[in-house]
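# Based on what follows, work out the 3D shape:
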Amino acid sequence: ERCDLEGGLSLEPLRAPHDDRGTTAFLVEFAVDDGVVRLGYATDLGRVPEGWHERFRDLDILALESNYDPPMQLSSDRPRFLKERIMGGRGHLSNEQSLAAALRISRASELQAVVLLHLSRQCNCPRLVERLWRERAPHLAERLVVSGQFQPTPTIRAKTRPRRPGPVERSLFDALSSQL
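Numbering: from 1, shown residues only. Predicted coordinates:
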């Protein structure tokens, strides 16, 4: 349920699949005068569920996990059960899954920035992720920020834009709660 906070800030939690209990993604909206900035934040997803693009739309910034590269994951010395958990639809998003989700979200948004989160230290590589985005989504690659675990992510500034009329009709929380 959407929570309106002070100073034009609102937060909407959205359930998402991850392990047994799931996790929470967030839609964050910051309103200033007649303008607004919308952020979608999701990590520890497991998979991109049906209905995702219907709720994560009209965003200015997308912060999304891009946890692993499948070949690196498969060739790692991690135990088989862990590989299966991570890659089995309730663990984490691969680089390809993250890119596909961002591309779909970008069709219904005017993304000013895409921030990739939660890259595995053992089973991913920022240069590999950046190359994938340059090859498959060059229009988004110029706005890509790959976060790291041991250094702060640069400040992301977004320009406010006029509010778009009409509420979002369907909540991702409702769509996902039946799938978890």
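
# Flag every buried residue along stretch 6-15.
11-12, 14-15 (16 or more other C-beta atoms under 10 Å). To be clear about C-beta, it is placed using only N, CA and C from the backbone, and glycine gets the same treatment.

# And stretch 28-48, by the same measure?
28-31, 36-48.

# Looking at the buried residues of stretch 6-15, which are in strands?
Among those, the members found in strands (DSSP state E) are 11-12, 14-15.

# For residue 120, see how far away residue 127 is.
Separation of residue 127 from residue 120 (C-beta to C-beta, to the nearest Å) stands at 14 Å.

# And the two? Which one has more around it.
In this view residue 127 and residue 120 are compared by other C-beta atoms under 10 Å, and residue 120 has more residues nearby, 19 against 9.

# For that one, grab phi and psi.
phi -70, psi 140 (degrees, to the nearest 10).

# isn't it right up against residue 66?
No. Counting by C-beta atoms under 8 Å, residue 120 stays clear of residue 66, with 9.3 Å between them.

# quick one: low-confidence ranges for the protein?
Along the chain, the parts satisfying pLDDT under 70 run over 164-180.

# The same query, at a cut-off of 90, please.
Counting by pLDDT under 90, the chain has low-confidence residues at 1-9, 11-26, 31-35, 43-57, 89-91, 148-151, 154, 157-158, 160-180.

# pull the longest strand from it.
If you go by DSSP E, the chain has its longest strand at strand 23-32.

# which other helices and strands contact that one?
Secondary-structure packing of strand 23-32 (3 or more C-beta pairs under 8 Å, 6 or more residues apart in numbering; DSSP states H and E): strand 9-16, strand 35-42.

# okay, the ones you listed in a markdown table with distance to residue 75 next?
Formatted as a markdown table, the helices and strands packed on strand 23-32 follow (distance: least, C-beta to C-beta, whole Å):
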| stretch | distance to residue 75 |
| --- | --- |
| strand 9-16 | 28 |
| strand 35-42 | 27 |
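
# what's the closest of the ones you listed to residue 140?
Of all the helices and strands packed on strand 23-32, strand 35-42 sits nearest to residue 140, with 14.0 Å by C-beta to C-beta.
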